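S.K.: quick one: sequence plus predicted model below, questions after.
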Amino acid sequence: TGFPDLLECLAQTPNRANLYGEIVNNSAITRCRSRVLATKAEALELPLIATNNSYFLHPDDWDTHKTLTAIGLVSTMSRLKPHEHASRNGFFRPADQMERLFPNNTEALRNTERIANQCQIKLDLGKWTLPQIEVPEEHTPDTYLAKVAGDGLFDNYAGMPEYDRAKEIQDMELEVIRKLGYSSYFLMVMQIRNWANDRFQSEYRKPKDCTILRGSAANSIIFYNIGASDLDPIKYDLYFQRFLNEDRASPPDADLDFGWDERDDILQHVVERWGRERVALTCTTNHFRGRAAFRETAKVIGYTEEEISEIQKSLKTKTRRVHDDELERIMTIASKIKGKPRFLGQHPGGGLITNDPIFRHVACEYSGGEKNRLITQIDMHNGIDDLGLIKFDLLGNGSLSVLRDTLGQIEEQHYPDPEVWNLEKCYHDERVLD
């Protein structure tokens, strides 16, 4: 640490053996603080390390750093206080420059190199982190999935000509799921859907009307027989291999739809069921685009919204074009921040569940606000799969909310139950066919 008071507190902890005082020499502020810290470290008999406290890569990135800092603080560059941004010299210095900055602290430089050499990590990539579900004591996830699916097979096909074919397909699916280790995944999808159906059903709104399992996951007879899907793959001649097979590198991807205004309840249930530290939403990364980069840069330099709009209009014409040195500077900085990450959003459906605290697998942060959800700092396109995290798509569907509201009004007005869950009845209704 580079703070004297904090150094003294940390020196009283069990981690004292790994504690160093950090000295920095890139501004008047850091030099003053480092002198105090070096004195404190000597009194505590603690070693020093020398760093440059780098915030950007090259010296000419300082304007970009200040611009992004001002944007983040909703301020202007002229109002930034010295402690709110890095020194002009806070770039990544090469070793020879560091040696010239600390000619009398060679031991501190050696300590810095020693710590750098210790910072070796090998990520176990290419292996999926499969969340596990609790099952009855006499079962494993594999045997419990087989039992539940077997019960459903009897309920759905017993006494029917399709029974033997359905059993053959189910046995094949169970074997693939067992080999790939996805039994818990199937049971978790079932549990989430069962909870939602029990939570949201009413007299006219039957469980089948509350949620939908869609996409290629509905091809699975296992999902159908455990009640996670309402689509009979035998009747509609659907192929399980399109959803999951032994040659497929990616994990299963089952999309569960809920009413758009009921999704928050689902997420809260998942958090309560598996634990706040084990559940996170996948983030989305929002980047600066061209116009936004120009507008935000101009704002932190001091231009008003009206002035920025006028400048942007002028840039589209040849006769009224505004052009000066300050505008060139704005355009130069804006070109550097264009494409850089601006802020993190929340994926509309991607939930992650792990067996231990999820921050042991991926960097996370809280979203803030009223819901303050835990979200990842890596989005699904840039590393979630590489880290082996399996995504549960819990999606909001406006049509299910419309259906719920419609059935509620029909029930309130004492009309007969239309039984929309009975698709066969609907298919034979001439009004539906019209």
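M.R.: That came through, no problem. Numbers count the residues shown, from 1 in each chain.
S.K.: please make it C-alpha for all contacts and neighbour counts, starting now.
M.R.: Will do.
S.K.: in stretch 144-161, which residues are buried?
M.R.: Using 16 or more other CA atoms under 10 Å as the burial criterion, the residues of stretch 144-161 that qualify are 144-146, 149-150, 152-153, 156-157.
S.K.: just those residues: which are in helices?
M.R.: Among the buried residues of stretch 144-161, the members falling in helices are 144-146, 149-150, 152-153, 156-157 (criterion: DSSP state H).
S.K.: between which two of these is the distance greatest?
M.R.: Maximum pairwise distance among those (CA to CA): 19.7 Å, between Tyr144 and Tyr157.
S.K.: before we move on, back to that, quick check, nearest of the ones in helices among the buried residues of stretch 144-161 to Thr332?
M.R.: Leu145 (59.7 Å).
S.K.: that closest one is in contact with Leu187, isn't it?
M.R.: Yes. The criterion here is CA atoms under 8 Å, and Leu145 meets it with Leu187 at 6.7 Å.
S.K.: what comes up buried for stretch 106-117?
M.R.: Residues 108-109, 111-112 are the ones in stretch 106-117 that count as buried (16+ other CA under 10 Å).
S.K.: which of those fall within helices?
M.R.: Under the assignment DSSP H, these contribute 108-109, 111-112 to helices.
S.K.: might one say that Asn245 is in contact with Val176?
M.R.: Yes. Contact criterion CA under 8 Å: Asn245 and Val176 qualify, at 6.7 Å.
S.K.: for Lys313, phi and psi?
M.R.: phi -60, psi -40 (degrees, to the nearest 10).
S.K.: show me what contacts it?
M.R.: With contacts defined as CA atoms under 8 Å, 6 or more residues apart in numbering, Lys313 has no neighbours.
S.K.: and Phe343, that's in a strand?
M.R.: Yes. Secondary structure assignment (DSSP: H, G, I helix; E, B strand; the rest coil) places Phe343 inside a strand.
S.K.: how many neighbours does the closest residue to it other than its chain neighbours have?
M.R.: Counting by CA to CA, 6 or more residues apart in numbering, the nearest residue to Phe343 once its immediate chain neighbours are dropped is Asn286, at 5.4 Å. Residue neighbour count, defined by other CA atoms under 10 Å, stands at 13 for Asn286.
S.K.: which SS class is Asn286?
M.R.: Classified using three-state DSSP, Asn286 is strand.
S.K.: in this structure Tyr239 contacts Asp232, no?
M.R.: No. With contact defined as CA under 8 Å, Tyr239 does not reach Asp232; the gap is 11.2 Å.
S.K.: number of residues surrounding Ser87?
M.R.: 21.
S.K.: nearest spatial neighbour of it, skipping sequence neighbours?
M.R.: Ser27 (6.1 Å).
S.K.: show the pLDDT at that neighbour.
M.R.: Ser27 is assigned 91 on the pLDDT scale.
S.K.: Lys316 and Arg289: what is the separation?
M.R.: To Arg289, Lys316 is 17 Å away according to CA to CA, to the nearest Å.
S.K.: quick one, which of those two is more surrounded?
M.R.: Set Lys316 next to Arg289 and count neighbours by other CA under 10 Å: Arg289 wins out with 17 against 10.
S.K.: quick check: phi and psi at the closest residue to Pro251 other than its chain neighbours.
M.R.: Among residues not flanking Pro251 along the chain, Ile390 sits closest, at 6.8 Å (CA to CA, 6+ apart). Backbone torsions for Ile390, taken as degrees, to the nearest 10, come to phi -100, psi 130.
S.K.: Glu262 too?
M.R.: Main-chain dihedrals, Glu262, degrees, to the nearest 10: phi -110, psi -10.
S.K.: list the contacts for the closest residue to it other than its chain neighbours?
M.R.: The shortest distance from Glu262 to any non-neighbouring residue, by CA to CA, 6+ apart, is to Gly396 (7.4 Å). Applying CA under 8 Å, 6+ apart, we find Gly396 in contact with 257-263, 348-349.
S.K.: do you know the pLDDT at Gly396?
M.R.: So Gly396 comes in at 93 (pLDDT).
S.K.: and Thr319, by the same measure?
M.R.: Here, the pLDDT recorded for Thr319 equals 58.
S.K.: repeat that for His83.
M.R.: His83 carries a pLDDT value of 87.
S.K.: so what touches stretch 415-434?
M.R.: 204, 206, 208-209, 410-411.
S.K.: give the other helices and strands that the helix or strand where Arg178 lies contacts.
M.R.: Taking DSSP states H and E as the definition, one finds Arg178 inside helix 163-180. With contacts defined as 3 or more CA pairs under 8 Å, 6 or more residues apart in numbering; DSSP states H and E, helix 163-180 has these neighbours: helix 141-157, helix 221-225.
S.K.: in the helix or strand that it is followed by, which residues are buried?
M.R.: Once helix 163-180 ends, the next helix or strand along the chain (criterion: DSSP H and E) is helix 183-200. Using 16+ other CA under 10 Å as the test for burial, helix 183-200 gives 183-194, 196-197, 200.
S.K.: rounded mean pLDDT for helix 183-200, please.
M.R.: Mean predicted confidence for helix 183-200 is 95.
S.K.: check contacts around the residue nearest to Pro251.
M.R.: 128-130, 251, 352-353 are the contacts of Ile390 under CA under 8 Å, 6+ apart.
S.K.: out of those, what pair is the most spread apart?
M.R.: Pro251 and Ile353 (13.7 Å).
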